[in-house]
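Participant: sequence isn't available, so here's the structure alone:
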């Protein structure tokens, strides 16, 4: 196959930042995606509907004339988030989901949740109205090894929480383990998971062997190879519970290449060519549209996009290694192999 036409994809987990970084990275997602679920972990975080409206307007004002790109907004869940604020977001159709960060789990998550009992009234309201909860699924206990934090979160926090609040639509974001794959498969249709581009490509050896690769460092951190293979099998299975959330996370190089580097892989530029390469290698190009264009929209009760994306396979794709911003260069994720699929 040298040509593939699919419904235009959506990105169900995207970091756009703000200010100069937003200006630089927004075109990289707008080019290939029709919708994106925008993460709220700015400084300060997006915790109110009014803040979400302002952030959405900021994004829309930067789009080129005629663009169909639609940012879908989220609220950052804190222990002080009120039901009335969430209700306002639902009734005004501003909010597509609520994002839960365990405090300290990742970039700009210090305002996140420590006491999960305090957020249960909000979660119960969300279950009643069908508003999805998107979870960064890791514990932050220093006694738990970083490579075990997703599995422990599922066992100790997520499963009891979902048992206490039946009907809560939940997305475990950027899953990294076979444990998470198996858990999603064992549950009902109220549970789904996003899988990133980079977690389908790298394992922990890619970060650490032969020297530390800061541009492969992400949270949740990449795990052993058998976990990557489990993600690959899930993504290419066509199962409706798994869909793309790139977690594309831009940081300027000075923030990545430092004594305490930031977590995040910037994949917005080349996610679609990489995914086409991966799915072809797995003899699953016929499942690519489900993973990037259908399953997520279905879970969020939205129609698939009406427009289409055409991919063509030809000579090796030549793409830039970085994009420039006023604040510094951002390195584009390198999958470590040549890409032959491109978006026309």
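Facilitator: Right, received. Where do you want to start? Here the structure is a predicted model, which is why all the values come from computation and not from measurement.
Participant: residue ranges of the helices in the stretch 1-150 of the chain, please?
Facilitator: Counting by DSSP state H, counting those that start in this stretch, the stretch 1-150 of the chain has helices at residues 19-30, 49-60, 83-91, 120-129, 149-153.
Participant: highest mean neighbour count out of those?
Facilitator: Greatest average neighbour count among the helices of the stretch 1-150 of the chain goes to helix 149-153 (a mean of 22), per mean count of other Cβ atoms under 10 Å. (Each C-beta comes from the backbone N, C-alpha and C, glycine too.)
Participant: what's the closest non-adjacent residue to residue 308?
Facilitator: Spatially, and ignoring its direct neighbours in sequence, residue 308 is nearest to residue 5 (5.5 Å; Cβ to Cβ, 6 or more residues apart in numbering).
Participant: what pLDDT does the one you found get?
Facilitator: Residue 5 carries a pLDDT score of 98 in this model.
Participant: to residue 332, which of the helices of the stretch 1-150 of the chain lies closest?
Facilitator: Residue 332 lies closest to helix 19-30 among the helices of the stretch 1-150 of the chain, at 8.4 Å (Cβ to Cβ).
Participant: how about JSON lines for the helices of the stretch 1-150 of the chain, with distance to residue 74 added?
Facilitator: Converted to JSON lines, the helices of the stretch 1-150 of the chain look like this (distance: least, Cβ to Cβ, whole Å):
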{"stretch": "helix 19-30", "distance to residue 74": "15"}
{"stretch": "helix 49-60", "distance to residue 74": "8"}
{"stretch": "helix 83-91", "distance to residue 74": "9"}
{"stretch": "helix 120-129", "distance to residue 74": "12"}
{"stretch": "helix 149-153", "distance to residue 74": "19"}
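Participant: and those as JSON lines, adding mean pLDDT?
Facilitator: Below are the helices of the stretch 1-150 of the chain laid out as JSON lines (pLDDT from 0 to 100):
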{"stretch": "helix 19-30", "mean pLDDT": "97"}
{"stretch": "helix 49-60", "mean pLDDT": "98"}
{"stretch": "helix 83-91", "mean pLDDT": "98"}
{"stretch": "helix 120-129", "mean pLDDT": "98"}
{"stretch": "helix 149-153", "mean pLDDT": "97"}
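Participant: for residue 171, find the nearest of the ones you listed.
Facilitator: Nearest to residue 171, of all those, is helix 120-129, at 12.2 Å by Cβ to Cβ.
Participant: circling back: right, and the helices of the stretch 1-150 of the chain - which one's nearest residue 299?
Facilitator: helix 120-129 (14.6 Å).
Participant: how far off helix 83-91 does that closest one point, in degrees?
Facilitator: 30 degrees (axes from the mean of the first three to the mean of the last three Cα atoms, to 10 degrees).
Participant: contacts for helix 120-129, please.
Facilitator: 77, 81-83, 86-87, 90, 98, 131-133, 161, 164-169 (Cβ atoms under 8 Å, 6 or more residues apart in numbering).
Participant: please indicate which of those residues are buried?
Facilitator: 77, 81, 86-87, 90, 98, 131-133, 161, 165, 168-169 (16 or more other Cβ atoms under 10 Å).
Participant: in strands, which of those residues appear?
Facilitator: 98, 133 (DSSP state E).
Participant: what ranges do the strands span in the stretch 101-250 of the chain?
Facilitator: 133-135, 170-172, 191-195, 242-244 (DSSP state E, counting those that start in this stretch).
Participant: any chance of those strands in TSV, plus mean pLDDT and distance to residue 9?
Facilitator: Listed next are the strands of the stretch 101-250 of the chain as TSV, based on pLDDT from 0 to 100; distance: least, Cβ to Cβ, whole Å:
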stretch	mean pLDDT	distance to residue 9
strand 133-135	98	18
strand 170-172	98	17
strand 191-195	98	13
strand 242-244	98	7
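Participant: what's near enough to touch residue 299?
Facilitator: Here residue 299 is in contact with 132, 169, 171, 192, 240-241, 243 (Cβ under 8 Å, 6+ apart).
Participant: of all those residues, which two lie farthest apart?
Facilitator: Spatial extent of the contacts of residue 299 (Cβ to Cβ) is set by the pair 132 and 240 at 14.5 Å.
Participant: residue 37 and residue 98 touch, don't they?
Facilitator: No. Assessed by Cβ atoms under 8 Å, residue 37 is found out of contact with residue 98, at 11.1 Å.
Participant: mutual contacts of these two, please.
Facilitator: 74, 134.
Participant: drop anything exposed from the contacts of residue 299.
Facilitator: Of those, these count as buried by 16+ other Cβ under 10 Å: 132, 169, 171, 192, 241, 243.
Participant: mind putting those in JSON lines, distance to residue 312 included?
Facilitator: Formatted as JSON lines, those follow (distance: Cβ to Cβ, whole Å):
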{"residue": "132", "distance to residue 312": "34"}
{"residue": "169", "distance to residue 312": "37"}
{"residue": "171", "distance to residue 312": "32"}
{"residue": "192", "distance to residue 312": "31"}
{"residue": "241", "distance to residue 312": "30"}
{"residue": "243", "distance to residue 312": "24"}
